[in-house]
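**Student:** build me a model from this:
(chains A, B, C and D)
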There are 4 protein chains.
Amino acid sequence: MDIKTTTTAVPAPDIVRCAYMEIVVTDLAKSREFYVDLLGLHVTYEDETAIYLRSFEEFIHHNLVLRKGPVAAVAAFSYRVKSPAEVDAAEAYFKELGCRTERRTEGFVRGIGDSVRVEDPLGFPYEFFYDVEHVERLHQRYDLYSAGELVRLDHFNQVTTDVPRGREYLEGLGFRVSEDIQDSDGVTYAAWMHRKQTVHDTALTGGDGPRMHHVAFATHEKHNIIQICDKMGALRISDRIERGPGRHGVSNAFYLYILDPDDHRIEIYTQDYYTGDPDNPVITWDVHDNQRRDWWGNAVVPSWYTEASLVLDLDGNPQEVKIREDKSEMAVTVGADGFSYTRAPGDALQGDPGEEVGFKMGHQL
Amino acid sequence: MDIKTTTTAVPAPDIVRCAYMEIVVTDLAKSREFYVDLLGLHVTYEDETAIYLRSFEEFIHHNLVLRKGPVAAVAAFSYRVKSPAEVDAAEAYFKELGCRTERRTEGFVRGIGDSVRVEDPLGFPYEFFYDVEHVERLHQRYDLYSAGELVRLDHFNQVTTDVPRGREYLEGLGFRVSEDIQDSDGVTYAAWMHRKQTVHDTALTGGDGPRMHHVAFATHEKHNIIQICDKMGALRISDRIERGPGRHGVSNAFYLYILDPDDHRIEIYTQDYYTGDPDNPVITWDVHDNQRRDWWGNAVVPSWYTEASLVLDLDGNPQEVKIREDKSEMAVTVGADGFSYTRAPGDALQGDPGEEVGFKMGHQL
Amino acid sequence: MDIKTTTTAVPAPDIVRCAYMEIVVTDLAKSREFYVDLLGLHVTYEDETAIYLRSFEEFIHHNLVLRKGPVAAVAAFSYRVKSPAEVDAAEAYFKELGCRTERRTEGFVRGIGDSVRVEDPLGFPYEFFYDVEHVERLHQRYDLYSAGELVRLDHFNQVTTDVPRGREYLEGLGFRVSEDIQDSDGVTYAAWMHRKQTVHDTALTGGDGPRMHHVAFATHEKHNIIQICDKMGALRISDRIERGPGRHGVSNAFYLYILDPDDHRIEIYTQDYYTGDPDNPVITWDVHDNQRRDWWGNAVVPSWYTEASLVLDLDGNPQEVKIREDKSEMAVTVGADGFSYTRAPGDALQGDPGEEVGFKMGHQL
Amino acid sequence: MDIKTTTTAVPAPDIVRCAYMEIVVTDLAKSREFYVDLLGLHVTYEDETAIYLRSFEEFIHHNLVLRKGPVAAVAAFSYRVKSPAEVDAAEAYFKELGCRTERRTEGFVRGIGDSVRVEDPLGFPYEFFYDVEHVERLHQRYDLYSAGELVRLDHFNQVTTDVPRGREYLEGLGFRVSEDIQDSDGVTYAAWMHRKQTVHDTALTGGDGPRMHHVAFATHEKHNIIQICDKMGALRISDRIERGPGRHGVSNAFYLYILDPDDHRIEIYTQDYYTGDPDNPVITWDVHDNQRRDWWGNAVVPSWYTEASLVLDLDGNPQEVKIREDKSEMAVTVGADGFSYTRAPGDALQGDPGEEVGFKMGHQL
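**Tutor:** Residues are numbered from 1 along each chain as shown, chains lettered A, B, ... in the order given. Have a look, this model is predicted:
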């Protein structure tokens, strides 16, 4: 492949934030039940082929597009850039990388103007736009506020075979790493990368890819997330709660993972921290630290490591999924060949340095 | 055995509520770290052999006595009765049942006056008292209020081999059932029983017994429980979080189970419901309902079913643990021979009656 | 007056709890907007003349009846008793007191069976019943759970001219005092009285009466109350927020007072404490303590002291309102002739005993 | 005055965020009690003349410096810039404006390196720095997490006589307006301005100035703020709660204002919204809208409008306070000559366009 991951020949576009995801769903009515009736996202527009949804505090046209199609997949990871000129910059940048690009001045979806979509070096359909229709920001419409209200789009999460390569590409594109997971052999298992002043706009998870791991929405408080679980229990769809709720080690956020009718994974997320300073300290976690993925040491279910959504190329066909050749986080941490610790040997917070590290065996599979 | 479980020959004592538990711990300093430094219970009195602890809103001398001893166990499940005369009533009642009793007018522990202890028909050391020293109720001492503050003793939970027999005994003693777990063969796996106007003062869990399953303290809100998890993560003792946090099906409370240094299990619990009406509806759960123990369908770890604390007889020796002969809840719900469902066939809340029941396979062991 | 407040000639009925209030509203549609659309109470039944509402965790037919009528007033303060026979007991008790009573075996309102209504010694329309239709307890219907969900009826509050006389009457009826407000001259300004194991089922507020001061519903957590305020802001009816939110000194609960379209006052209330022990300590507050009504010292608005709802006699006519002759709490605490302190002279928590007491002048009217 | 408010001759420095405030306090021990014992800020360093404090999630040396001195005042409003070179840019910029500046390569306070302080065009002591000592970020030290934990410095608030002039100056310096308060005559009463992606890094409040109105710290959730009130009640210092808690109209945040021992005003603040997009919609509030300052229409106490802290010049002497000549927000909204409305005439959310606007009279002074 003659696609580069970085270039200094042309400047990277100035990205503001992750703005929306376009996903293909196979049954629009069932998806509407999930995203509107269960999760309470607000409909900006809908017709027989698509539903445009936004979160409580959003003022741009949408944060999520559900488009009816034959195969469940992700059509676009879309970022907002700082000005109209930055769309040109994005197009030039990806052309210079050798990527396929498509420019549409009238936009690819309703509500969004001049945009460029690209098949990025990792195989993901990325979009960049500035022009967008403003809609009512509902942030004080507490008459519409549900007990599990989703207030912001927070981030994307992408599965890729080679995390260091992906990280290099995203750093070239102007993202900065906030946290990552490594082992003592120097293998990187995952990395969190941001443009806005939160822990991430997107993260890279090592695995067979390109695939979409999840898209995350933020709530105001922790009880809002608990309510979503309680409601799924009341609706007798608790089998669609995949993992959590819990506290992340990485990012420090309170989280929940649930599955939509097409098995697209949605994270509900709240209370990470400010990362806007240029020298924001990067946190590296040991892959064997049992609190990295869940601060309380609760087990990560296997499906969370193995399952993810297909992504589409610019013709709307699923990208081929390549197998990760590096070590798998699941394999090195659970089961007969893996291990995790609760207390690292010599941990400063531990009263007794000679005490054995704690294995949370009851929770291991 | 010529011990009866019920009698109408003498009236049952009028019990107000579960009041305190006396537990034997093997290392008082380590237990103090757990109950005082981690959980923030308030010390009413302590010396080299025992620590007396109370919760934020308590006005009696203590809710928990930690006594140093050679074998971790429970020395007393103590209930407050309505008047001094009811201590006499308790003594007479258990004598009539054929149980061993011991009366001490000066009390068995500091702060408590005239009391009777009994070896009850199920083999548990029960205590009944009225006289008690009043201490400062801290309920408005917000200067002492920690982020994970425990505000009330809520209930006990006991493991017994024969739940229907235990239930009959406790109903005779004046307890009323709020909820239970059964199967279609009529086997009862657990029952929740109350005197005060909450879901329970004690519960019976089917298993090898007599053993103490857990003692539970209440918080004001759900975030207080999350803070306890977060703090255990910060202290790198997340391996002492056994199960949760989660929402119970039974009782509807938000919960967490953690283990003290002797593996005594502590539940942190909040927001069950009022049960004070005489015809409070009893809820019976199907043992195969995957939401009965956790409303979100999260797996119960095996240790939660199998591990429990020894209880002492009136001489301070551990009671012999007898094996449950009825079916085990763990065996019938998990593993190759068990099953659980998320949606019962024909569930009213389910749009599509023909849809298959949902198994939460990823979470099963 | 030849109506007694107490009697030992016949036993008092065994009251379980405050169960529902029947109020007359002048515009049923507007009241529905307030209680159903704004507050989210659940409709058990409605027709053109009345709406029957219940809270989230209730299993009896209703906690509130809105009945259309010409004059806004309260038709009944209704208590549940422990058995059918206790309705007879109630009838006999009030007859013995010399009160007018009316018995209807088919009940006065839908859903309730055999009941007695009385014009009590203070002039209030009290009702006692046992028979009641059970309805679905919604306590796990989180699909219906709103962000400001009201989960239980908590208490009534009644304005009466002579609080000590009212207290004597209610103690005779089996209520126990949890807290009160007095001054050093021995004047009692208010008293809180309970049957269930909370701070009150009803309270007496000194003032011109008989009038209904408020009826209170409980939420699970404090944020639920804040949401009700936020929603009233969003609906631009913040002028219907009369007082709060705040933390009570008395009862220690987090509270809010709002006004319905007929100016009936509704309190939203959460997190008082357990009072079920027979020797539950009574707390007496000094009327000049600026934290008694609001723990944060925020001012009580004058309308809260002066305004209240009429109550009806058994013919449906408003009871005459008599003027309080004792000192008024408002007069002795605010304005030129009143005073309040933040720190009592010699308060133990105060580092500097010589320091002046703190007046919260900015908040005084 | 030959000091300009803007210049295009030299570029403005690239400011990241408000970083810390240095305040002069008259009794260091009393201030320590307030900021450390009551509010739980974390001590990075302290000696007999100063205390350096930081919030839970901060990684730079401090967010607040308390310096012992003879007159309570503010010594510096300090901003972090994007790189060392931006300190040069700041110095050049303010010199070009004609302002007095002082550069210290070793910093003015402990933990901070090369800095420039200026007497800005409004008379405030502004500081700009990049170099700073990193300290432990406590964001996962839940073992140190108090019930009212302050997690971030959020913003400053400054009183100035001429808000439009101040706004012009701050916009020149690179700040962007998120919200403001105006009247139909075009008078601007206040403006909120940000660099980081929140509603503000600083705000301008119209009044006699230059003075410091308040400095604000953020909590995670609303209950954390309520706990601070509850604790102040428990400590019998509720007279130091000046205003709130409440929900702001402007910014949509949940808030509380309290006073330190020198009457420096501290705001506790949580849950405003994301403002990072270049076209973030500006919200203009009508000064007569009763929900602008408190979404629930609760009254603003007069002291909040009139009282503020002195600020120092670069010699450490208090700046002269000039009288505002424009209309006062307090005068136009309360009292005989002012007015406020709950519902604007013709408000879209109002069912009945003919309905009178709602005055919240009970809460007006």
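
**Student:** what is residue A:155 paired to in the beta sheet?
**Tutor:** Per DSSP bridges, the residues bridged to residue A:155 are residue A:216.

**Student:** for it, list the residues it contacts.
**Tutor:** A:18, A:198, A:199, A:200, A:201, A:202, A:203, A:215, A:216, A:269 (Cβ atoms under 8 Å, 6 or more residues apart in numbering or on different chains). Every residue, glycine included, has its C-beta placed from N, CA and C.

**Student:** what's the offset of stretch A:180-199 from the middle of its chain?
**Tutor:** 13 Å (Cα atoms, centre = their mean, to the nearest Å).

**Student:** swap in stretch A:123-132?
**Tutor:** 15 Å.

**Student:** and stretch A:8-21, by the same measure?
**Tutor:** 16 Å.

**Student:** same question for stretch A:129-136.
**Tutor:** 22 Å.

**Student:** and if you look at stretch A:54-72?
**Tutor:** 15 Å.

**Student:** may I have that stretch as PDB, with CA atoms only?
**Tutor:** Output of stretch A:54-72 as PDB, limited to C-alpha atoms (Å, rounded to 0.1, in the frame of the first residue of the first chain):
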ATOM      1  CA  ARG A  54     -29.100  15.100  18.500                       C
ATOM      2  CA  SER A  55     -28.200  15.300  22.200                       C
ATOM      3  CA  PHE A  56     -29.700  17.700  24.800                       C
ATOM      4  CA  GLU A  57     -27.000  20.400  24.700                       C
ATOM      5  CA  GLU A  58     -26.100  20.200  20.900                       C
ATOM      6  CA  PHE A  59     -26.700  23.200  18.600                       C
ATOM      7  CA  ILE A  60     -25.600  21.600  15.300                       C
ATOM      8  CA  HIS A  61     -28.100  19.700  13.300                       C
ATOM      9  CA  HIS A  62     -27.300  16.200  14.600                       C
ATOM     10  CA  ASN A  63     -24.900  13.900  16.400                       C
ATOM     11  CA  LEU A  64     -26.100  10.700  14.900                       C
ATOM     12  CA  VAL A  65     -27.600   9.700  11.600                       C
ATOM     13  CA  LEU A  66     -29.400   6.300  11.400                       C
ATOM     14  CA  ARG A  67     -29.700   5.300   7.700                       C
ATOM     15  CA  LYS A  68     -31.600   2.200   6.600                       C
ATOM     16  CA  GLY A  69     -29.500  -0.200   4.700                       C
ATOM     17  CA  PRO A  70     -28.900  -3.900   4.000                       C
ATOM     18  CA  VAL A  71     -25.800  -4.400   6.200                       C
ATOM     19  CA  ALA A  72     -25.300  -2.900   9.600                       C
END
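
**Student:** hmm, it in reach of chain C?
**Tutor:** No. Shown here: stretch A:54-72 not in contact with chain C (Cβ under 8 Å from any Cβ of the partner chain), separated by at least 11.3 Å.

**Student:** so that stretch, near chain D or not?
**Tutor:** Yes. With Cβ under 8 Å from any Cβ as the criterion, chain D is reached by stretch A:54-72 at A:57, A:59, A:60.

**Student:** tabulate the residues you listed (CSV), appending pLDDT.
**Tutor:** Formatted as CSV, the residues of stretch A:54-72 next to chain D follow (pLDDT from 0 to 100):
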residue, pLDDT
A:57, 98
A:59, 98
A:60, 98
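
**Student:** for those residues, which one is nearest residue D:44?
**Tutor:** Closest to residue D:44 out of the residues of stretch A:54-72 next to chain D is residue A:57 (33.6 Å), distances taken as Cβ to Cβ.

**Student:** low-confidence stretches in the stretch 251-365 of chain A?
**Tutor:** A:345-365 (pLDDT under 70).

**Student:** ok, which residues in it are in contact with chain D?
**Tutor:** A:252, A:271, A:273, A:274, A:276, A:277, A:278, A:279, A:280, A:281, A:295, A:349.

**Student:** widest-spaced pair of the residues you listed?
**Tutor:** Farthest apart among these by Cβ to Cβ are A:278 and A:349. That separation is 29.7 Å.

**Student:** just the helices in the stretch 251-365 of chain A please.
**Tutor:** For the stretch 251-365 of chain A, applying DSSP state H, counting those that start in this stretch gives helices covering A:302-306, A:329-333.

**Student:** with distance to residue B:95 added, can I get those helices in JSON lines?
**Tutor:** Output for the helices of the stretch 251-365 of chain A, formatted as JSON lines (distance: least, Cβ to Cβ, whole Å):
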{"stretch": "helix A:302-306", "distance to residue B:95": "57"}
{"stretch": "helix A:329-333", "distance to residue B:95": "58"}
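
**Student:** tell me the most buried of those helices?
**Tutor:** helix A:329-333 (a mean of 19; mean count of other Cβ atoms under 10 Å in any protein chain shown).

**Student:** that one and chain B, any residue contact?
**Tutor:** No. Helix A:329-333 stays clear of chain B (Cβ under 8 Å from any Cβ), getting no nearer than 12.5 Å.

**Student:** what about that helix, distance to the chain center?
**Tutor:** Centre to centre, stretch against its chain (Cα atoms, centre = their mean), the figure for helix A:329-333 is 21 Å.

**Student:** and which of the residues of the stretch 251-365 of chain A next to chain D is nearest to residue B:90?
**Tutor:** residue A:295 (45.8 Å).

**Student:** done for today, thanks.
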